[in-house]
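In: sequence and predicted structure below; questions after.
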Amino acid sequence: MAKHHISFNLNGKPVEALVEPRELLVHTIRENIQLTGTHIGCETSHCGVCTVDLNGKSVKSCTLLAVQADGGDVLTVEGLASAEGLHAVQQAFVEEHGLQCGFCTPAMLVRAYRFLQDNPDPSEEEIRWGMSGNLCRCTGYQNIIKAVQSAAKKLQQA
Amino acid sequence: MDNANDANNAPEAEDQLKGVGCSRKRKEDARFIQGKGNYVDDIKMPGMLFADMVRSPYAHARIKSINKEKALALPGVHAVLTADDLKPLNLHWMPTLAGDVQAVLADEKVHFQYQEVAVVVADNRYIAADAIELVEVEYEELPVLVDAHKAMDEDAPVLREDLVGKMDGAHSKRVHDNHIFNWQAGDKDATDRVFEQAEVTVKQDMYYPRVHPSPLETCGCVASFDKVNEHLTVYITSQAPHVVRTVVSMLSGIPESKVRIVSPDIGGGFGNKVGVYPGYVVSIVASIVLGVPVKWVENRMEHLSTTAFARDYHMTGEIAADSEGHIKALRVNVLADHGAFDACADPSKFPAGLMHICTGSYDVPVAHLNVDGVYTNKAPGGVAYRCSFRVTEAVYVIERTMDVLAQKLGIDKAEIRRRNFIKAEQFPYETALGWEIDSGDYHTALDKVLEACDYEGLRREQQEKREKGELMGIGLVTFTEIVGAGPTRNCDILGVGMFDSAEIRVHPTGSVIARMGTITQGQGHQTTYAQIIASELGIPSDEISIEEGDTDTAPYGLGTYGSRSTPVGGAATAVAARKIRAKAQKIAAHLLEVSEQDLEWDVDRFKVKGVPGQEKTMKEIAWAAYNDRPEGMEPGLEAVDYYDPPNFTYPFGTYLCVVDIDKYTGVTKVRRFYALDDCGTRINPMIIEGQIHGGLNEGFAVAMGQELPFDEQGNILGNTLMDYFIPTFVETPTWETDYTVTPSPHHPIGAKGVAESPHVGSIPTFTSAIVDAFSHLGTTHLDMPHNAYRLWKHIRELDLDKRS
Ligand code: FES
Ligand code: FES
């Protein structure tokens, strides 16, 4: 199968990849570029553990072709922390015990990051709906909600 | 140092230790929040190939031919293996955990839909996925058996041709070709006699549907055989890596010392990752054959349809009582659907797990349990899904039946439980089915919940709502769990007793590394084990590293499931730490030139009794252990303990749930869920609470929406996350938690284990609440899942949805 040469910004740095037209973005990120924080849980857009940020929107990278990211801006969990340290959502997940096995966590954080950009002061109800594309089997969600709330507060103060 | 200073010093030191009882933040989080977890699918090795499975579209069919040619011709395909290829290695069948055998790849016929028929090994997952489509399998369909009730009919199709005529089953005589075992516990005659003379009897049939644990990470492995050194390394999603190594060694003939099993980070287990699946075996075989690493990771659909399900029990609970509701006898009958191969994860002595804890929290004078296991054309492997083997079923049957009894006698369900509880002064209490419940205080737990939730107020509100024709239900469950498997006399896997282990090493500078036989899948072992060691040794938990999951370095242990890590692994940790402290005391005595008896322990140091200032901290002792020790003493400061518990532990709880059901749509709103748990000593309250939230959420999923249904042809209906209900943020209720503390008398630190309690306890609570909403109309039981459609149908049957 003929391959396409694509290039995009990943966590602020330019990357290139040679991909089959059918290759999924999640595989390009995980296998080709070898950043394994983004996970695979269902490959059908249901679980959300593959969520990344593409051009300022949360997307499920298991059902997006890599070629669709060509020229775009992609953010994964590896890009959340900065030189100044962890991002407020990362800190809040630790503080509020918002994770257990950690499998859903990277995508949960990437989604929380985007959600709070879109809605900096969400109600609990809004958090529930806004985060509902990401499943977690371990935490029962309660502490994740707390973490998103507390990250929202911190970000507003910042 | 004077006395006043000392007094101030101790609590401060204790604070720094972050020991037992402290909500210490989790050590493991740092890697997960930065995408630095290391799960099986993250493992990459040079030259690694990818395996994918050809699966049967039929539930029961003879394989007439398999043609691999087209698949092999596809560039990038390295091998296509079938049962015939595994036969010369004697690996086409494997032993199961339950004393049966299971086809690794279908041998002449398939027994359930999506059964593994062939494996393709290719350069990458895309080519492998293309290649499985090119493997041509010709099937001849056979009659299908899906209804467990028909399994032992005279004209039922015979499923296991390999067992025809072999009527000596692993657990008992088999009475039919589709029969697996009959298992009984208790005194049948005595129980029957009580039933004959009882003032009141109740009987309730119930079906506990087939469900699936479905952690977000599916199962998988990377097998790598080094031909030169004859060393096999397998990275695997396993809750029991040591046992996997033993099984792999037994099957492959490779010495156990040359097999290394690594369970890296695991993305949730919940019992699903205990068993050995065909995908693991074929990856290992492929790696041995091809001499390169082979990765196999299943997708969600494969996971839901073929790796171990849970439950699928048809149960009947019967209670004989007096007119005041005092239980006189309990009778439980079960028809257990185990699928096509008996691959249940149960200790080998109990063909139906710990089902005989079905006497619950009650003083039941006499009881009898009867379980028959049967084969059907469904996937094998009933696992202990967030429970100790079959405790979930046991608690469900007793709690449902108690509600039915309360209803029949018109006694409130809280009151009937109170009347029948084993009393605090009766512990240790021997149950009619032979368990010794170590401790408990059920009345206090119940009263605390009733008060916290204003139970009487809720009942009044319910009465008012009923008068207005609204549906409100109050669920109440009081459960006792049996966890911490277990004493090796009771519990084993394939003959290996279920002890567990800890190996602790204190370095000269006083930092610690400890390795465990258990393996975390989100329970936070790195955090909590360190807290136990911190409290026992007086070394800050931040300076203690915990490692698990690598059989080359960790001591042999039976793994993590059935809430056994704290009761067994945690006990081993405390005992090993105490061995170190005993040696430390000798060294301290030597350093202080006093006798051991003159010393007392104080948080993180030994002090000479009555001589202020004469003391040695654990750090000083650690240094001395390597360079200034009593004559004749071995250098170093380390210990290992293999802990075989004297008994199980028995956490318990009281759960209350309030639901409102819309009588036009059947939609349920969980208004309140209050969970009080008693897991004995609480090591890390934050982690405990998190585990309870998670367990409640999984219980909510099971009760309110999950099932793996099959049609008459054995097609599984609903094996994607589109159909299989996993609650999102939106459906999930808010959880309220509470606790009492009744330490286990035999556990070194009094801890009992907690993670499965909320699952086991919540499921019958939801059913209790749902049924309660209709109980004034005569409803005594409704089978799960209580989704809107099923409730709406019930509402229609009761004619409640008419608008006046
Ligand atoms: S893997 Fe993409 S949504 Fe599940
Ligand atoms: S922490 Fe395990 S799935 Fe969310």
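Out: Everything's here; your move. Residues are numbered from 1 along each chain as shown, chains lettered A, B, ... in the order given. Ligands and ions are numbered 1, 2, ... in the order given.

In: make it CA atoms for all contacts and neighbour counts henceforth
Out: Will do.

In: how about the helices in the stretch 351-500 of chain B?
Out: Using DSSP state H, counting those that start in this stretch, the helices found in the stretch 351-500 of chain B span residues B:391-409, B:413-420, B:442-452, B:455-467.

In: which of those helices is buried the deepest?
Out: helix B:391-409 (a mean of 25; mean count of other C-alpha atoms under 10 Å in any protein chain shown).

In: around ligand 2, pick out the residues from chain A.
Out: Taking C-alpha under 6 Å from any ligand atom as the criterion, the neighbours of ligand 2 within chain A are A:Leu99, A:Gln100, A:Cys101, A:Gly102, A:Phe103, A:Cys104, A:Thr105, A:Cys136, A:Arg137, A:Cys138, A:Thr139.

In: which of these fall in helices?
Out: Counted as lying in helices by DSSP state H, out of the residues of chain A next to ligand 2, are A:Thr105.

In: chain B: which of the residues of chain A next to ligand 2 is nearest?
Out: A:Cys101 (3.5 Å; C-alpha to the nearest C-alpha).

In: which bits of the stretch 101-250 of chain B sit near ligand 2?
Out: B:Leu216.

In: what does the stretch 101-250 of chain B put close to chain A?
Out: The stretch 101-250 of chain B comes close to chain A at residues B:Pro215, B:Leu216, B:Glu217, B:Thr218, as judged by C-alpha under 8 Å from any C-alpha of the partner chain.

In: so what's the first one closest to, chain neighbours aside?
Out: In space, not counting the residues next to it along the chain, B:Pro215 is nearest to B:Gly268; the distance is 4.9 Å by C-alpha to C-alpha, 6 or more residues apart in numbering or on different chains.

In: any idea how far the one you found lies from B:Gly699?
Out: Distance, B:Gly268 to B:Gly699, by C-alpha to C-alpha, to the nearest Å: 15 Å.

In: check A:Glu20 too.
Out: Distance from A:Glu20 to B:Gly699, by C-alpha to C-alpha: 42 Å.

In: okay, now the unreliable bits of the chain?
Out: Unless you meant another one, I'm taking chain A. Along chain A, the model assigns pLDDT under 70 to no residue.

In: should've been chain B
Out: Using pLDDT under 70, chain B drops low at B:1-11, B:804.

In: interface residues of it facing ligand 2?
Out: By the rule C-alpha under 6 Å from any ligand atom, the part of chain B lying against ligand 2 is B:Leu216, B:Gly267, B:Gly268.

In: in a markdown table: those, plus neighbour count and secondary structure.
Out: What follows is the residues of chain B next to ligand 2, written out as a markdown table (neighbours: other C-alpha atoms under 10 Å in any protein chain shown; DSSP: H, G, I helix; E, B strand; the rest coil):
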| residue | neighbour count | secondary structure |
| --- | --- | --- |
| B:Leu216 | 26 | coil |
| B:Gly267 | 28 | coil |
| B:Gly268 | 28 | coil |
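
In: ok, whatever residue of chain A ends up closest to ligand 1 - contacts?
Out: As assessed by C-alpha to the nearest ligand atom, ligand 1 sits closest to A:Ser45 within chain A, at 3.3 Å. Residues near A:Ser45 by C-alpha atoms under 8 Å, 6 or more residues apart in numbering or on different chains: A:Lys60, A:Cys62, A:Thr63.

In: from the centroid of chain A, which residue is nearest?
Out: A:Val110 (3.0 Å; C-alpha atoms, centre = their mean).

In: can you list contacts of the helix or strand where that one lies?
Out: Assigned by DSSP states H and E, A:Val110 belongs to helix A:105-118. Helix A:105-118 is contacted by residues A:37-39, A:48-53, A:56-58, A:75-77, A:80, A:89-90, A:99, A:122, A:130-131, A:134, A:148, A:152, B:32-35 when judged by C-alpha under 8 Å, 6+ apart.

In: now the buried members of the residues you listed.
Out: A:37-39, A:48-53, A:57-58, A:75-77, A:80, A:89-90, A:99, A:122, A:130-131, A:134, A:148, A:152, B:32-35 (16 or more other C-alpha atoms under 10 Å in any protein chain shown).
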